[in-house]
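1. need the 3D shape of this:
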Amino acid sequence: MTAPLRLFVRRRETTVPDAETRRVEIAVRVPTDLDVVEETVDLVARHCLASGVPPRAARFVVRVVLCEALANAIVYGNQLDPGKRVDVRVEVADDQLQLRVEDEGEGFDPGRVPDPTEPHRIECPEGRGLFLIRQLVDEVHFNDRGNSICMIMRRA
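-> Reported below is the predicted structural model:
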């Protein structure tokens, strides 16, 4: 039996000079189970949409990048270990959407992920998820350990 998802949504007002910025924070603790990826992505996308993220971004970009990051965290980060979890944190602000996915694995060096668009790598699956993420968001950052990805989409 799969452990239930735990969702935390916090709304807070932050004062910015000459303006008020509304921020919505969404946090989900996900078990290491590929069967919950779709449910998690749906849940986060619905909350992003309800928090003012444009429909195209919430229905497409958030879903694709979160699905890829979660699957990578579960399979490569946590090595499908059911005793480990993945934390998803999303911050919706007036100027950007920030998605962070952190696993309990050893981490990796993102600079060593092969480019899947090189002619001799077209048939290889390695690196496709990270390539998609980098194409769809404005910024991608990893922590030093390499077990946390931060994806930023700026809002116009």
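2. residue ranges in the protein under the pLDDT threshold?
-> Scanning the chain for pLDDT under 70 picks out 1-21, 156.
3. let's go with 50 and repeat that
-> Applying pLDDT under 50 to the chain flags no residue at all.
4. grab the longest helix from it for me.
-> The longest helix of the chain (DSSP state H) is helix 37-50.
5. show me what that helix is in contact with.
-> Contacts to helix 37-50, defined as Cβ atoms under 8 Å, 6 or more residues apart in numbering, come from residues 5, 7, 9, 24, 26, 28, 30, 55, 57-59, 62-63, 66-67, 70-71, 74, 88, 90, 92, 97, 99. Every residue, glycine included, has its C-beta placed from N, CA and C.
6. could you redo the last one with a cut-off of 6 Å?
-> Contacts with helix 37-50, where a contact means Cβ atoms under 6 Å, 6 or more residues apart in numbering, come from 26, 28, 30, 58, 62-63, 66-67, 70-71, 90.
7. next helix or strand past that helix?
-> Using DSSP states H and E, the next helix or strand after helix 37-50 towards the C-terminus is helix 55-56.
8. can you tell me the element the most centrally placed residue in the chain falls in?
-> Closest residue to the average C-alpha location of the chain: residue 66 at 3.9 Å, with Cα atoms, centre = their mean. Per DSSP H and E, residue 66 falls inside helix 62-72.
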